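Asks: Next comes the sequence, and after it the predicted model I'd like to discuss.
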Amino acid sequence: MIDINLIRNNAPLVKENIKKKFQDEKLKLVDEVKDFDEQARKLKQDIDQKRNERKTKSDQIGLLMKNKEIEQANSIKVEVTKINAEIEESEKVLEELNQKINERMLVIPNIMDPSVPIGEDDSKNVELERFGEPFVPDYEIPYHADICEAVGGLDKESAGRTSGEGFYYLLGDVARLHEAMLAYARDYMIENGFEYCIPPFLIHSDVVTGVMSFPEMDAMMYKIENEDLYLIGTSEHSMIGRFKGQIIPEEKLPICLTSYSPCFRKEKGAHGIEERGLYRVHQFEKQEMIVLCKPEDEMAFYNKMLMLTVNFFRSLDVPVRTLECCSGDLADLKVKSCDVEAWSPRQKKYFEVGSCSTLGDAQSRRLQIRAKGKDKNYLVTTLNNTVVATPRGLIGVIENNYQKDGSILIPKVLQKYMGGKTKIEKK
């Protein structure tokens, strides 16, 4: 959510930002907010004047009653009753206006960073840099689900019976490798100065709307029937929600946290061979990083967090690249975002394994998360980034470490989490 003062004082900037995101249907919202806001502010002034008038008349009543001027006091009481009714009616109208303003402000996109490339969709995203040499061996690499099944590590058929499409059983050493990646990600982030946290996996609707846009919520979130609870799609949701309504002493900033959680998402994406395996699933596990900081520290943390994910995958012998999200691919709350993509030697292309984003003060404005500065309180900046989401991250490790004999080499940094094992053999 943007600052309403931007609409009051610089509506053309807000409209230009909307155009750059190719969301022209939202242009009218700016004018509607401006109109409703002017009505609301005028009505608020009127209500305040009536309250002052009521106070003056109430004081008169007290004085008249004290002087036994009952008839005149009763006459003024009638006037006060009328003012009370007018105030009550005006407050209802004001509440309706504020609701209309809030509904529209929630869907007006955040102001993007000037560096964001302009483009209609993800086909216009811009490659920034590659890390590690993409390699294609001289032998065929099977589809990742077939590799996992060949080593006795995957059972999707049984998951289809118990849970339906988009679920899976991981077994044996593949399951161990999956958990080894998460354990390593936890320790990696702790070593880089982030505090480890396991958050709630269900959150209230006011937290959901505080951290993401409604279209995202509707497309992603599973709701618990008859309860105000949603399963999280990422731990970012509950991690940022932890600070809802809080005033944080400035000296405690930055707050750097890394969190583990299972994640649940409704979307399945396009159908086809790449979706029959573990790439798009309803349930996965994730190690996330979250930062709350001063506005002036935003880009330093953005760049640091992005490189943490790059270096994490490079330590797993997985080549990666960074891809700047263009305006049309940028979620409405985000100021700037960059995807990390892992190399797939089977497909001979990169695929997304993480995303680093700064949201400016959009989330903190919605959730009222402030820092207590020396002179005044201010909204903090929030950033988030994936360390690893798996089994998607698992695909990158399996493909880039697959051997001609059907075995999978275990990256050196993960071997201690697998009892010293160096290889997963084909059964």
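Replies: That came through, no problem.
Asks: Please look at residue 359 and residue 336 and confirm they touch.
Replies: No: Residue 359 is not in contact with residue 336 according to Cβ atoms under 8 Å; the separation is 9.1 Å. Just so you know, the C-beta spots here come from the backbone N, C-alpha and C atoms, and that holds for glycine as well.
Asks: okay, these two: which has more neighbours?
Replies: Just comparing residue 359 and residue 336: by other Cβ atoms under 10 Å the higher neighbour count belongs to residue 359, 26 against 22.
Asks: what stretches of the stretch 1-150 of the chain score poorly on pLDDT?
Replies: Nowhere does the stretch 1-150 of the chain drop to pLDDT under 70.
Asks: Do a quick rundown of the helices in the protein.
Replies: Ranges of helices within the chain are 4-20, 27-66, 70-105, 144-150, 156-162, 172-191, 205-211, 214-220, 235-241, 298-314, 362-367, 392-400, 412-415, based on DSSP state H.
Asks: what about the fourth one, distance to the chain center?
Replies: Going back to what we said before, that points to helix 144-150. Distance of helix 144-150 from the chain centroid (Cα atoms, centre = their mean, to the nearest Å) equals 32 Å.
Asks: closest one to residue 350 among the helices of the chain?
Replies: helix 392-400 (9.6 Å; Cβ to Cβ).
Asks: Now do that closest one, average pLDDT.
Replies: Averaging pLDDT along helix 392-400 yields 96.
Asks: repeat for stretch 302-314
Replies: Here the average pLDDT along stretch 302-314 is 98.
Asks: hmm, back to that, okay, the helices of the chain in JSON lines with mean neighbour count and distance to residue 340 next?
Replies: Formatted as JSON lines, the helices of the chain follow (neighbours: other Cβ atoms under 10 Å; distance: least, Cβ to Cβ, whole Å):
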{"stretch": "helix 4-20", "mean neighbour count": "15", "distance to residue 340": "24"}
{"stretch": "helix 27-66", "mean neighbour count": "14", "distance to residue 340": "33"}
{"stretch": "helix 70-105", "mean neighbour count": "14", "distance to residue 340": "31"}
{"stretch": "helix 144-150", "mean neighbour count": "21", "distance to residue 340": "18"}
{"stretch": "helix 156-162", "mean neighbour count": "13", "distance to residue 340": "26"}
{"stretch": "helix 172-191", "mean neighbour count": "20", "distance to residue 340": "13"}
{"stretch": "helix 205-211", "mean neighbour count": "20", "distance to residue 340": "21"}
{"stretch": "helix 214-220", "mean neighbour count": "14", "distance to residue 340": "20"}
{"stretch": "helix 235-241", "mean neighbour count": "25", "distance to residue 340": "16"}
{"stretch": "helix 298-314", "mean neighbour count": "19", "distance to residue 340": "5"}
{"stretch": "helix 362-367", "mean neighbour count": "24", "distance to residue 340": "21"}
{"stretch": "helix 392-400", "mean neighbour count": "25", "distance to residue 340": "10"}
{"stretch": "helix 412-415", "mean neighbour count": "16", "distance to residue 340": "17"}
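Asks: Tell me which of the ones you listed lies nearest to residue 348.
Replies: Closest to residue 348 of those is helix 392-400 (Cβ to Cβ; 10.8 Å).
Asks: With just CA atoms, put the closest one into CSV.
Replies: Written as CSV, here are the backbone C-alpha positions of helix 392-400 (Å, rounded to 0.1, in the frame of the first residue of the first chain):
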residue,chain,number,x,y,z
ARG,A,392,12.2,-27.6,-6.4
GLY,A,393,15.8,-26.9,-5.2
LEU,A,394,16.3,-30.7,-5.0
ILE,A,395,15.7,-30.9,-8.8
GLY,A,396,18.7,-28.6,-9.4
VAL,A,397,21.0,-30.7,-7.2
ILE,A,398,19.9,-34.0,-8.6
GLU,A,399,20.3,-33.0,-12.3
ASN,A,400,23.6,-31.3,-11.8
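Asks: What angle do helix 172-191 and that helix make with each other?
Replies: Compare the direction of helix 392-400 with that of helix 172-191 by axes from the mean of the first three to the mean of the last three Cα atoms, to 10 degrees and you get 110 degrees.
Asks: So what angle separates the directions of helix 392-400 and helix 298-314?
Replies: For helix 392-400 against helix 298-314, the angle by the same axes, to 10 degrees is 40 degrees.
Asks: quick one: helix 392-400 to chain centroid distance?
Replies: The answer for helix 392-400 is 24 Å, by Cα atoms, centre = their mean.
Asks: Just read off the phi/psi values of residue 294.
Replies: With angles defined as degrees, to the nearest 10, residue 294 sits at phi -70, psi 150.
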